[in-house]
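Asker: Task: produce atomic coordinates for the following.
(one chain, ligands or ions: 1)
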Amino acid sequence: MLVPHAAQALGQVLGERLSRAKPDLDQHGRSESHFPTCPPEAVAYPESAAEVAKIMQICAEHRCPVIGWGAGTSLEGHGLAVSGGVVVDFSRMNKVLEIRPADMDVTVQPGVTREALNEELRATGLFFPVDPGANASLGGMAMTRASGTTTVRYGSMRDNVLGLQVVLADGRTIRTGSRARKTAAGYDLTALMVGSEGTLGLVTELTLKLHGIPEATSAGICAFPRIADAVNAVIDTIQMGLPMARIEFVDSATARAFNAYAGVAMAEAPHLLVEFHGSPDGVAQDAARFAEIVADHGGSTFEWSSRPEERRALWAMRHNAYYAVLASRPGARAVVTDICVPISRLAQAVEETQADIADGPIPGPILGHVGDGNFHAILLIDPDQPAEHEAAMTLSHRMAERALRLGGTCTGEHGVGLGKRRYMQAEHGQGWTIMGSLKQALDPMGLLNPGKVVPDA
Ligand SMILES: Cc1cc2nc3c(=O)[nH]c(=O)nc-3n(C[C@H](O)[C@H](O)[C@H](O)COP(=O)(O)OP(=O)(O)OC[C@H]3O[C@@H](n4cnc5c(N)ncnc54)[C@H](O)[C@@H]3O)c2cc1C
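Answerer: Numbers count the residues shown, from 1 in each chain. The predicted structure follows:
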């Protein structure tokens, strides 16, 4: 609870940048997904790491919960203030602090979004590859260990964060990692923080790896008669070691949603959307080899293009998939599922999921970053029909169980938040207890994003 003394002390530090206005509280109590609204008691808008440390010190003194907030796009209720307290909104800490082209790295404040960073990098010939479908903040992306369409080639946030500045629960500020590309110096606190969903500290600065914009890029699309054919083509492609930069799957319902939303004319069939990065000859050869794999699996002619505007249109359409699918059932809310399995079990996982959804009462288009074995069903429910919510939760539950049974994980990229906490024991066993011990060591009063990720103390 935010006690009046804490509110007064925070107000002295932040002035008007401590908000208790209802619209502000409501906006920071909503999630993109299906969770009920749960507003905090105040929203703080710090402008520096020193202010964040001060906020944390005051909240520790008054035992007030503190929840970080980036762009608010996470899908498992991560940022909901289930125990009340203060949301720390990082949108005013949005500066790119230093770009170092020679070292191919960059230091940013946590409120910089992935699109803003790439805009800033435009003249350097470098880019930051991790691209979740939403224009998320880099702080939020680090905290959810986000990934995206290019992870199959460039890795997720786990692979692209070199170091962090973090304010701990007692108000101390630490640095993790360094700018070196590798280190053997002790425990990897950067890796511990990345994916911790704001339960271990507040990130006030990130140093990230950058990558060279490839000399040539080609992208393409092809349709398949059945989901299994598309998925088996992906498995062959990955097992052959063909260097894909992106390999994305959409089912026929998603293709139909694209047609209506993006005004395209795709066949209503399962599709793969792919991209290759390299030299002009290299990408042409890769595309030709991929076309052979597609043909082996009964796919349509692989149509590819190196023209930037065509590629941009293709990936803009893919990045808007969530909104296209949502628009396919007007008034619906989405329960977005997110499982990841070893590549050899991908066809089984997708087929079983599709059959399960087909047997149920609600639509659930399937799409995913299949090159990583990761896919989503976007279950569309009428928010006024509790039975539909129930059906979606049952389908989602069976997907998580299926993933664990097949040697995978209950969340490939969206994270735990409120929604996936129930699977942590099954996925990690005693490992989940150890996560609780780490939380206890770093945040003994349980102030940082309570009710998320770890077992209750
Ligand atoms: C349309 C759509 C498509 C998506 N596609 C993908 C996808 O392809 N891949 C993927 O990985 N995700 C995807 N997501 C989910 C979401 O975009 C990611 O989880 C993203 O990383 C969240 O970033 P954010 O800035 O919105 O963080 P928020 O939602 O604001 O916060 C996420 C978590 O991090 C904590 N947090 C935020 N900033 C800080 C900080 N500075 N310090 C400490 N804690 C902090 C919050 O407390 C919360 O627990 C998608 C979401 C949508 C709506």
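
Asker: Which residues of this protein lie near the ligand?
Answerer: Contact residues, the chain versus the ligand (Cβ under 6 Å from any ligand atom): 32, 67-75, 78-79, 90, 110, 132-134, 136-137, 139-141, 143-144, 146-148, 197-198, 202-203, 322, 413-415, 449. Every residue, glycine included, has its C-beta placed from N, CA and C.

Asker: Could you count how many residues lie near the closest residue to residue 35 other than its chain neighbours?
Answerer: Spatially, and ignoring its direct neighbours in sequence, residue 35 is nearest to residue 77 (3.9 Å; Cβ to Cβ, 6 or more residues apart in numbering). Using other Cβ atoms under 10 Å, residue 77 is surrounded by 23 other residues.

Asker: Phi, psi for residue 77 please.
Answerer: Per-residue torsions, residue 77: phi 70, psi 30 (degrees, to the nearest 10).

Asker: Then residue 43?
Answerer: Note on residue 43: backbone dihedrals following degrees, to the nearest 10 are phi -120, psi 130.

Asker: Begin at 15, not 1, for the rest of this chat.
Answerer: Shifting the count to begin at 15 puts that one at residue 57.

Asker: Is it in contact with residue 104, as I believe?
Answerer: No. Applying Cβ atoms under 8 Å as the test, residue 57 and residue 104 come out as separate, 11.2 Å apart.

Asker: Now the common contact residues for these two.
Answerer: Both residue 57 and residue 104 are contacted by residue 83, under the criterion Cβ atoms under 8 Å, 6 or more residues apart in numbering.

Asker: what pLDDT does residue 16 get?
Answerer: We have a pLDDT of 66 for residue 16.

Asker: meant to ask about residue 46
Answerer: On the pLDDT scale, residue 46 gets 79.

Asker: number of nearby residues for it?
Answerer: Neighbour tally, residue 46, other Cβ under 10 Å: 19.

Asker: How about the contacts made by it?
Answerer: Contact analysis of residue 46 by Cβ under 8 Å, 6+ apart lists 86, 87, 88, 89, 148.

Asker: mind redoing it with 10 Å?
Answerer: 85-93, 148, 336, 347-348, 350 (Cβ atoms under 10 Å, 6 or more residues apart in numbering).

Asker: Need the per-residue pLDDT for the residue lying closest to residue 275 once chain neighbours are set aside.
Answerer: Leaving aside its sequence neighbours, residue 275 sits nearest to residue 338 (Cβ to Cβ, 6+ apart; 3.5 Å). pLDDT, residue 338: 97.

Asker: What ranges in this structure fall below the confidence cut-off?
Answerer: Within the chain, the ranges that satisfy pLDDT under 70 run 15-16.

Asker: In it, which residue sits nearest the ligand?
Answerer: Residue of the chain nearest the ligand, by Cβ to the nearest ligand atom: residue 154 (2.1 Å).

Asker: That residue is in contact with residue 148, isn't it?
Answerer: Yes. Using Cβ atoms under 10 Å, residue 154 is in contact with residue 148, at 9.3 Å.

Asker: Which one's more surrounded, these two?
Answerer: A direct count of neighbours by other Cβ under 10 Å for residue 154 and residue 148 places residue 154 higher, at 30 against 22.

Asker: First-to-last residue distance for stretch 306-314?
Answerer: For stretch 306-314, the first and last residues are 11 Å from each other (Cα to Cα, to the nearest Å).

Asker: Quick one: classify the most centrally placed residue in the chain as helix, strand or coil.
Answerer: With distances taken as Cα atoms, centre = their mean, the residue of the chain nearest its centroid is residue 160 (3.6 Å). The three-state label given to residue 160 by DSSP: H, G, I helix; E, B strand; the rest coil is coil.

Asker: next one: residue 27
Answerer: Following three-state DSSP, the label given to residue 27 is helix.

Asker: show me the biggest helix of this structure in terms of residues.
Answerer: Looking across the chain with DSSP state H, the single longest helix is helix 400-419.

Asker: Output the contacting helices and strands for that one.
Answerer: For helix 400-419, the contact count by 3 or more Cβ pairs under 10 Å, 6 or more residues apart in numbering; DSSP states H and E identifies strand 347-350, strand 353-354, helix 360-372, strand 388-395, helix 438-442 as packing neighbours.

Asker: Go again with 6 Å.
Answerer: Contact partners of helix 400-419 among helices and strands, from 3 or more Cβ pairs under 6 Å, 6 or more residues apart in numbering; DSSP states H and E: helix 360-372, strand 388-395.

Asker: Out of the ones you listed, indicate the one that is most buried.
Answerer: Burial of the helices and strands packed on helix 400-419 is given as mean neighbour count (mean count of other Cβ atoms under 10 Å); strand 388-395 ranks first at a mean of 26.

Asker: Name the residues that touch that one?
Answerer: For strand 388-395, the surrounding residues in contact (Cβ atoms under 6 Å, 6 or more residues apart in numbering) are 339, 343, 346-352, 354, 376-382, 402-403, 406, 409, 426.

Asker: Let me know the angle separating that strand from helix 400-419.
Answerer: If you take axes from the mean of the first three to the mean of the last three Cα atoms, to 10 degrees, strand 388-395 sits at 170 degrees to helix 400-419.

Asker: Strand 388-395 pairs with which strands, parallel or anti?
Answerer: strand 347-350 (antiparallel), strand 353-354 (antiparallel), strand 380-383 (antiparallel) (DSSP bridges).

Asker: Okay, angle between it and helix 360-372 too, please.
Answerer: If you take the same axes, to 10 degrees, strand 388-395 sits at 0 degrees to helix 360-372.

Asker: Just to be sure, residue 19 is in a helix?
Answerer: Yes. Under three-state DSSP, residue 19 sits within a helix.

Asker: give the contact list for it.
Answerer: Contacts for residue 19 were tallied using Cβ under 6 Å, 6+ apart; they are residue 76.

Asker: Need the phi and psi values for residue 141.
Answerer: Per degrees, to the nearest 10, the backbone of residue 141 is at phi -150, psi 160.

Asker: Wait, it touches residue 134, no?
Answerer: No. Counting by Cβ atoms under 6 Å, residue 141 does not reach residue 134; the two are 10.4 Å apart.

Asker: Test my guess that the residue nearest to the centre of the chain contacts residue 169.
Answerer: No. In this structure, residue 160 is not within contact of residue 169 by Cβ under 6 Å, at 11.2 Å.

Asker: Rebuild the contacts of residue 46 as a markdown table, extending it with secondary structure.
Answerer: Output for those, formatted as a markdown table (three-state DSSP):
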| residue | secondary structure |
| --- | --- |
| 85 | coil |
| 86 | coil |
| 87 | coil |
| 88 | coil |
| 89 | coil |
| 90 | coil |
| 91 | coil |
| 92 | coil |
| 93 | coil |
| 148 | coil |
| 336 | helix |
| 347 | strand |
| 348 | strand |
| 350 | strand |
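
Asker: which one of those residues is nearest residue 113?
Answerer: Relative to residue 113, the closest of the contacts of residue 46 is residue 85; by Cβ to Cβ it sits at 21.5 Å.

Asker: check contacts around that closest one.
Answerer: Going by Cβ under 6 Å, 6+ apart, residue 85 touches 150, 151, 154.

Asker: do the same with residue 247
Answerer: Going by Cβ under 6 Å, 6+ apart, the list of residues near residue 247 reads 307, 308, 311.
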